[in-house]
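Peer 1: Got a sequence here, can you build the structure:
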Amino acid sequence: MKQQNQSGHARKLNVQMLGKLLVIAVMMFGFGYALVPVYKKICEITGVNVLTQQDVSAQQAVNTQVDMTRTITVEFDANAHGPWRFRPMVSSLQVHPGEMTQVVYEVVNTQARSIDAQAIPSYAPQQAAAHFKKVECFCFKQQTLGPNEAKQMPVVFYIDPALPRDVKTITLSYTFFEVSGTGKKAT
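Peer 2: Presented below is the predicted three-dimensional model:
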């Protein structure tokens, strides 16, 4: 009788422990699920790591004034962190402030699986970032590359004529990296 009582008590403790573990597992899942939107909102509020925000709308870009008295050299750079080749189709261009310009980057997935990737821009000198206005860019959203797929991705931009006159060269650099880590095998 005493052994049955102990067995029943142990079973009750095991059921209680299982319930506690299930509650913890559900809470961990909920925290993980809520983490991405919370992170995005924090980044949006603080202005850090904003990936999807467009610089300007196409309608605003049409009304810019071209400053023909100056020429800015824009150098293009590409850094690949993943299983692909990534490069600009031209290494540099001469543009006038306010002039709408398009450049194309090429990416080639060298894997036999699909990959989700994102490009993050950076500018040099840093003060140029506020004056480099992208109208269209592959960096505004994640890109999905199929197995062994090659893509040509445009960047349409202009340089705000308010750019300080002492800035003669701007480097636009993109780092392209895998975001999901869950590539799908080709069938």
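
Peer 1: what is the mean pLDDT for the longest helix along the chain?
Peer 2: Determined from DSSP state H, the single longest helix within the chain is helix 2-46. On average, the pLDDT along helix 2-46 is 84.

Peer 1: Just give the number of residues close to His9.
Peer 2: 10 (other Cβ atoms under 10 Å). No exception for glycine: its C-beta is placed from N, CA and C like everyone else's.

Peer 1: any idea how far Val36 is from it?
Peer 2: His9 is 43 Å from Val36, where distance means Cβ to Cβ, to the nearest Å.

Peer 1: how about low-confidence regions in this protein?
Peer 2: Along the chain, segments meeting pLDDT under 70 span 1-3, 47-64, 180-187.

Peer 1: centroid residue for it?
Peer 2: By Cα atoms, centre = their mean, the mean C-alpha position of the chain lies nearest to Gln118, the distance being 3.9 Å.

Peer 1: if we look at the sheet, which residues does that one bridge to?
Peer 2: Phe177 (DSSP bridges).

Peer 1: what's it in contact with, if anything?
Peer 2: Contacts for Gln118 (Cβ atoms under 8 Å, 6 or more residues apart in numbering) come out as Leu51, Cys139, Gln142, Gln143, Phe176, Phe177, Val179.

Peer 1: Phe86 - how many residues pack around it?
Peer 2: Neighbours around Phe86, by other Cβ under 10 Å: 22.

Peer 1: Give the buried residues for the helix or strand containing it.
Peer 2: Following DSSP states H and E, one finds Phe86 within strand 84-88. Using 16 or more other Cβ atoms under 10 Å as the test for burial, strand 84-88 gives Trp84, Phe86, Arg87, Pro88.

Peer 1: beta partners for the third one?
Peer 2: Right, Arg87. Residues in beta-bridge contact with Arg87 (DSSP bridges): Glu106.

Peer 1: wouldn't His96 be in contact with Val74 here?
Peer 2: No. At 10.9 Å, His96 and Val74 do not qualify as touching, with contact defined as Cβ atoms under 8 Å.

Peer 1: circling back to that earlier point, name the nearest of the contacts of Gln118 relative to Asn5.
Peer 2: Val179 (56.3 Å; Cβ to Cβ).

Peer 1: wait, what's in contact with the closest one?
Peer 2: Asp116, Ala117, Gln118, Gln142.

Peer 1: Got phi/psi on the first one?
Peer 2: Taking degrees, to the nearest 10, you get phi -100, psi 130 for the backbone angles of Asp116.

Peer 1: any idea how far Phe177 is from it?
Peer 2: Counting by Cβ to Cβ - Asp116 and Phe177 are separated by 10 Å.

Peer 1: go on, the third one?
Peer 2: Shown here: Gln118 relative to Phe177, a distance of 6 Å by Cβ to Cβ.
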